[in-house]
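A.B. asks: predicted model follows, preceded by the sequence.
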Amino acid sequence: MFLPEIKITTGTHRDKDVVFLSFEKDEALIEIVRQIKGRAWSASKRMWYIPYGEFNKEELFRLFKNKAWLDFSAFVPLRKKALQPAPEEPATVEKKPVKPDLPALSPALEAKTNEFRRWMEHKRYSSQTIKTYVESLKVFLKYIQPSSVSSIRNEDVVLFVTGYLLPRKLSFSYQNQLVNALKLFYREIVKCDLNIMELERPRPQKKLPNVLSIEEVLLILQSTDNFMHKTMLSLIYSCGLRRSEALNIKPHDIDSKRNILTIRSAKGNKDRVVPISDKMIIMINEYMRRSRPRVWLFEGYVPGQRYSETSLQEVFKQALKKSGIIKNASLHWLRHSYATHLLESGTDLRYIQELLGHRSSKTTEIYTHVSNRELIKIRTPFENMDI
């Protein structure tokens, strides 16, 4: 008799020792798990877990007898930590309130940021762009208080960068996004004398995209036991998708007769089509037969609710760990790898630009710097030396 498998592992969640229960979505198994004392669902890890101190192995075997196979091969016993009473504070010591990093926005400035948000929503900016611009604008406005927005000059932006961004080692991209937000805010909302066109951006970084080899991608995909997770990662690599693009796909976006995948409202609010292989279509059809998604191709624990971006990133991290690849890779590396592998196989750069949805060919040209198609043909002087 075929029984579903439940993998039992130990780990930490929210700084507490726990026991994880990992299995493919099965309503019958979920009902049994709900009978376990102390059980809870982790939205970030997409697994059920039990506090280690409340874990009872015998109870687990009893509940799942003839219902599932329990795989304890990766279970590592943990030392139960004795509960230590919290030390009492002397009655004379008064707790000091934590001082916030920046003061709260004044009602007037809060109203301005809300106006900026509404303007961006009206102009149909993406939700991610709205969130990024508004949040960076709020940080800047908190910093320059009590000055009014109409009294700001370019020098104030420089002081913000040197006095706030740099000491906190905030990224190049954060500074660049701040300049974008300020230019848009002052041009469309404030309409004051700030010379926004003279706002200087940070010196451009010349970072190369990180790329995995074809063998490494295969290892990652093979290390994913959950079929839904394997399908998600496979689709991202095989079509060169961004994380949000993969999660926004609906079943009707896949045209299996024409081998076409339509990506809707991608970066820049643009639609595009990419080829999807027969092999990938077969995999998706099998996944849909098992999971039966209602709205989105990939749904979370709640039917009809889109799978979360954080959970998908965690899926990749777990697969990377299981594969044994010692690289600090992220999910976006699959997209970079897709483009680089296409280039190395002889695909024209103009087609790769269309497949990735890049507005400028210069963005796509960066993959020529990481492709080894021409580099491996170079014979170094060292090879001619007789050592």
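C.D. replies: Now that the structure is in, tell me what you want to look at.

A.B. asks: what bits of the protein have low per-residue confidence?
C.D. replies: Residues of the chain meeting the criterion pLDDT under 70: 1-2, 79-101, 192-208, 268, 369-387.

A.B. asks: residue ranges of each domain in it, please.
C.D. replies: For the chain, automatic domain parsing gives the domain ranges 5-71, 107-198, 214-369.

A.B. asks: what are the ranges of the strands in the stretch 251-387 of the chain?
C.D. replies: Counting by DSSP state E, counting those that start in this stretch, the stretch 251-387 of the chain has strands at residues 254-255, 260-266, 270-275.

A.B. asks: take those and write them to CSV, including mean neighbour count and distance to F298.
C.D. replies: C-betas here are computed from N, CA, C, even on glycine. As requested, the strands of the stretch 251-387 of the chain are exported to CSV (neighbours: other Cβ atoms under 10 Å; distance: least, Cβ to Cβ, whole Å):
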stretch, mean neighbour count, distance to F298
strand 254-255, 16, 12
strand 260-266, 17, 13
strand 270-275, 14, 17
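
A.B. asks: can you list the ones you listed in TSV and add distance to S234?
C.D. replies: Converted to TSV, the strands of the stretch 251-387 of the chain look like this (distance: least, Cβ to Cβ, whole Å):
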stretch	distance to S234
strand 254-255	13
strand 260-266	13
strand 270-275	14
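
A.B. asks: ok, F23 - how many residues close by?
C.D. replies: 21 (other Cβ atoms under 10 Å).

A.B. asks: wait, it touches I6, no?
C.D. replies: Yes. With contact defined as Cβ atoms under 8 Å, F23 counts as touching I6 (4.5 Å).

A.B. asks: find residues that contact each of these two.
C.D. replies: Shared contacts of F23 and I6 (Cβ atoms under 8 Å, 6 or more residues apart in numbering): 29, 68.

A.B. asks: first-to-last residue distance for stretch 119-137?
C.D. replies: 14 Å (Cα to Cα, to the nearest Å).

A.B. asks: chain center to that stretch, what's the gap?
C.D. replies: Taking the mean of its C-alpha atoms, stretch 119-137 sits 19 Å from the chain's own mean (Cα atoms, centre = their mean, to the nearest Å).

A.B. asks: got phi/psi on the residue nearest to E5 when sequence neighbours are not counted?
C.D. replies: Leaving aside its sequence neighbours, E5 sits nearest to W69 (Cβ to Cβ, 6 or more residues apart in numbering; 4.8 Å). The phi and psi torsions at W69 (degrees, to the nearest 10) take the values phi -90, psi 130.

A.B. asks: can you pull the contacts of W69?
C.D. replies: For W69, the contacting residues are 3-6, by Cβ under 8 Å, 6+ apart.

A.B. asks: and the longest helix along the chain, what does it pack onto?
C.D. replies: When the chain is scanned for its longest helix (criterion: DSSP state H), the result is helix 127-144. Contacts defined by 3 or more Cβ pairs under 8 Å, 6 or more residues apart in numbering; DSSP states H and E place helix 127-144 against helix 107-122, helix 154-160, helix 172-185.

A.B. asks: so how far is I254 from the closest residue to D271 other than its chain neighbours?
C.D. replies: Among residues not flanking D271 along the chain, R264 sits closest, at 5.1 Å (Cβ to Cβ, 6+ apart). Note on R264: its distance to I254, by Cβ to Cβ, to the nearest Å, is 12 Å.

A.B. asks: cool, and E344?
C.D. replies: Distance from E344 to I254, by Cβ to Cβ: 27 Å.

A.B. asks: leaving out the residues flanking it, which one is nearest to V190?
C.D. replies: According to Cβ to Cβ, 6+ apart, the nearest residue to V190 is V149 (5.2 Å).

A.B. asks: check contacts around the one you found.
C.D. replies: 109, 112, 141, 186, 190, 192.

A.B. asks: contacting residues for W41?
C.D. replies: Contacts of W41 by Cβ under 8 Å, 6+ apart are 47-49, 301.

A.B. asks: returning to what we had before: so which of the helices and strands packed on helix 127-144 gets nearest Q305?
C.D. replies: Smallest distance to Q305 across those (Cβ to Cβ): 22.4 Å, for helix 107-122.

A.B. asks: ok, and for that closest one, which residues are buried?
C.D. replies: Within helix 107-122, the residues scored as buried using 16 or more other Cβ atoms under 10 Å are 109, 112-113, 116-117, 120.

A.B. asks: for stretch 304-311, same thing?
C.D. replies: Neighbour-count burial for stretch 304-311 [16+ other Cβ under 10 Å]: 306-308, 311.

A.B. asks: chain center to it: distance?
C.D. replies: 11 Å.

A.B. asks: can I get that stretch in CSV, CA atoms only?
C.D. replies: The C-alpha trace of stretch 304-311 is given here as CSV (Å, rounded to 0.1, in the frame of the first residue of the first chain):
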residue,chain,number,x,y,z
GLY,A,304,-6.8,30.8,-4.0
GLN,A,305,-4.0,32.8,-2.2
ARG,A,306,-0.8,33.5,-4.1
TYR,A,307,2.4,31.8,-2.9
SER,A,308,4.5,34.4,-1.0
GLU,A,309,7.8,35.7,-2.3
THR,A,310,9.5,35.2,1.0
SER,A,311,8.5,31.5,1.0
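
A.B. asks: quick one: residues in contact with it.
C.D. replies: For stretch 304-311, the external contacting residues (Cβ under 8 Å, 6+ apart) are 43-46, 232, 243-244, 247-248, 294-296, 298-300.

A.B. asks: ok, and the most crowded of the residues you listed?
C.D. replies: Compared across those, M232 has the highest neighbour count, 26 neighbours, by other Cβ under 10 Å.

A.B. asks: please work out which residues outside the strand or helix carrying that one touch it.
C.D. replies: Using DSSP states H and E, M232 falls within helix 227-239. Helix 227-239 is touched from outside by 24-25, 217, 220-221, 224, 241, 243, 246, 249, 261, 274-277, 279-280, 283-284, 286-287, 290-291, 298, 307, 312, 315-316, 319, 331, 334-335, 337-338, with contacts defined as Cβ under 8 Å, 6+ apart.
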